[in-house]
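Student: just coords:
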């Protein structure tokens, strides 16, 4: 619990953290009255960490990710992304964002979808070609650049969207349930690929999920959230070796962490139902 | 007229791609031909009913009132000034005024169709451009959406038949004559579907597609180019089809007002002035054929563009 609270140099811009939220709250005004999507959230993520946000629907995990990305604005509290305000960080293209749906543009080929951020950021043509080829290879879509999204399976589409988020090489990756719509087998495979990618590149990843095994397998730290109002209920450290494989899911250590996460989710949920 | 087109149905289909193509064509042509046959049959029946009075009088005048029903029916389909001419009379009039008359003559339907198509094309291009520009303004400037949209809608509530003569007169006052007044009326009718359709199309992208560009901090212009314009293309083509047909209507209405330059509308006016029903119907059929061809042309461009954009299913 105490790991969520982080000592704070008041308002210092030169934050050593990749993401730093302090006393962050967000209230949506709806027709049925105010909805407390986030309530007094404190969270600091160091560069190179893989942090999962887990919790039931309505706990604000996606909202928190969107606040980091400056797609929503907090009502109170402070948030810094790589030492900047979220808007400034967005304008400086500090992060890559992977949505729940692949969000590929249907009229663009896979290669041109991956090239989209590069086009917008003004990369020269030759560089674009090189990066698209490398990106597609990275997610095992080497021969599929000329296809259109509808010709790909759901898993392949989501891999293409990951290649797109990585194409401009941001060192912070924000992922909103990227594998939520995929079947178990594809999800396992993509989890293993994502872990290797993170291990190799040393990027900071903030990962929203509602799957306990996925969170425990991928993360260095798991932030357990609870709904109404959305807040951080527990923070669980997982110290598994970075070159782990899917086999560790059978080990007692893995099951122990999973158990603690499950307990946290249950406790956070108990008085709501 | 339909037996020739239906022939490939009965022929043994050649093998390979050509055969598949012919079969597909026959599959699409059969329902269309059925509808055409039903319409033509209904038209012949209606011609008998509409022209029966005239035929009875003609028979009485000629003293052949007991000529029998076959002669009577044949007579209703062969009158000089029928209330409703039979299809073959209209077809003969079209064939005569297209094939037998020099295309530069004022008696050639091809000449009048060309005059109409010129003004329609110019008016359509003007209208589509204005509609497109308005949609951009309305989508990007919220105050214009509230301030402009009611006027755009109100503009179409004015009957064009009442407005057309005034537009011609006002433009003549400022020495705009010839093709432009007619094109202006065509544009007046065609800008509306394009403006409304495009405004909807430009707003059609999914929220996640818009958010994606926000994460790249893309400019408005970039968002327009890579997302809003491509997403609006299906809407654009749907409204262009409506717009091009409306342009033709606008041009014909304008030609009725401003008949000295010719055109299908002028032909309609002349026909009605002299009671030449066959001539009126011939002009009407040619106008419909022009409308169908224009819409078909837009559809062909649409198919080519959408195919390039990966709609290969």
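Tutor: All right, it came through fine. Just so it is clear, the model here is predicted, and its values are computed rather than measured.
Student: what sits against residue A:17?
Tutor: Residues near residue A:17 by CB atoms under 8 Å, 6 or more residues apart in numbering or on different chains: A:6, A:44, A:45, A:46, A:47, A:80, A:83. Every C-beta, even on glycine, is put in place using the N, C-alpha and C of the backbone.
Student: might one say that the third one is in contact with residue A:204?
Tutor: By that I understand residue A:45. Yes: the criterion here is CB atoms under 8 Å, and residue A:45 meets it with residue A:204 at 6.4 Å.
Student: what is in contact with these two at once?
Tutor: A:18, A:19.
Student: got a pLDDT number for the closest residue to residue B:128 other than its chain neighbours?
Tutor: Nearest residue to residue B:128, sequence neighbours excluded (CB to CB, 6 or more residues apart in numbering or on different chains): residue B:194, at 5.1 Å. With respect to pLDDT, residue B:194 scores 95.
Student: equivalent analysis for residue B:12, please.
Tutor: On the pLDDT scale, residue B:12 gets 52.
Student: residue A:99 contacts residue A:174, correct?
Tutor: No: counting by CB under 8 Å, residue A:99 does not reach residue A:174; the two are 9.6 Å apart.
Student: more neighbours: the two, which one.
Tutor: Neighbours per residue (other CB atoms under 10 Å in any protein chain shown) separate residue A:99 from residue A:174, with residue A:174 holding more: 27 against 21.
Student: what pairs with whichever helix or strand residue A:44 is part of, parallel or antiparallel?
Tutor: Element membership for residue A:44 (DSSP states H and E) is strand A:33-45. Sheet pairing for strand A:33-45, assigned by DSSP bridges, gives strand A:19-30 (antiparallel).
Student: now do the partner strand: distance to the chain's middle.
Tutor: When distances are taken as CA atoms, centre = their mean, to the nearest Å, strand A:19-30 is centred 17 Å away from the chain's centroid.
Student: likewise stretch B:245-264?
Tutor: The answer for stretch B:245-264 is 12 Å, by CA atoms, centre = their mean.
Student: show me which positions of that stretch end up buried.
Tutor: By neighbour count with 16 or more other CB atoms under 10 Å in any protein chain shown, stretch B:245-264 contains the buried residues B:245-259, B:261-264.
Student: next step: those restricted to helices.
Tutor: The members of the buried residues of stretch B:245-264 that map onto helices under DSSP state H are B:245-257, B:264.
Student: identify the farthest-apart pair in these.
Tutor: Farthest-apart pair in these is B:245 and B:257; separation 19.6 Å (CB to CB).
Student: list the buried residues for stretch B:233-244?
Tutor: Quick answer for stretch B:233-244 (16+ other CB under 10 Å): B:233, B:234, B:235, B:236, B:237, B:238, B:239, B:240, B:241, B:242, B:243, B:244.
Student: same question for stretch A:154-168.
Tutor: Applying 16+ other CB under 10 Å to stretch A:154-168 flags A:155-168 as buried.
Student: can you pull out the helices in the stretch 51-200 of chain B?
Tutor: Assigned by DSSP state H, counting those that start in this stretch, the helices in the stretch 51-200 of chain B fall at B:69-76, B:87-95, B:109-140, B:142-155, B:160-173, B:179-202.
Student: between the ones in helices among the buried residues of stretch B:245-264, which sits nearest chain A?
Tutor: Closest to chain A out of these is residue B:245 (26.4 Å), distances taken as CB to the nearest CB.
Student: which pLDDT value goes with that closest one?
Tutor: 95.
Student: mind listing what it touches?
Tutor: Here residue B:245 is in contact with B:291, B:294, B:295 (CB under 8 Å, 6+ apart).
Student: so what touches stretch B:289-304?
Tutor: B:113, B:116-117, B:120, B:124, B:237, B:240-241, B:244-245, B:247-248, B:264.
Student: swap the cut-off to 7 Å and go again
Tutor: Contacting residues not belonging to stretch B:289-304 are listed as B:113, B:116, B:117, B:237, B:240, B:241, B:244, B:245, B:248 [CB atoms under 7 Å, 6 or more residues apart in numbering or on different chains].
Student: over to stretch B:211-226?
Tutor: Counting by CB under 7 Å, 6+ apart, A:69, A:71, A:90-91, A:93, A:97, A:99, A:103, A:116-117, A:120-121, B:140, B:227 sit against stretch B:211-226.
Student: cool, and stretch B:133-145?
Tutor: B:148, B:149, B:152, B:191, B:195, B:198, B:199, B:202, B:203, B:220.
Student: cool, and stretch A:203-211?
Tutor: Residues contacting stretch A:203-211 (CB under 7 Å, 6+ apart): A:18-19, A:45, A:47-54, A:56, A:61-62, A:65, A:68, A:171-177, A:198, A:215, A:218.
Student: I'd like the average pLDDT over that stretch.
Tutor: So the average pLDDT for stretch A:203-211 ends up being 94.
Student: gap between it and the chain center?
Tutor: The answer for stretch A:203-211 is 4 Å, by CA atoms, centre = their mean.
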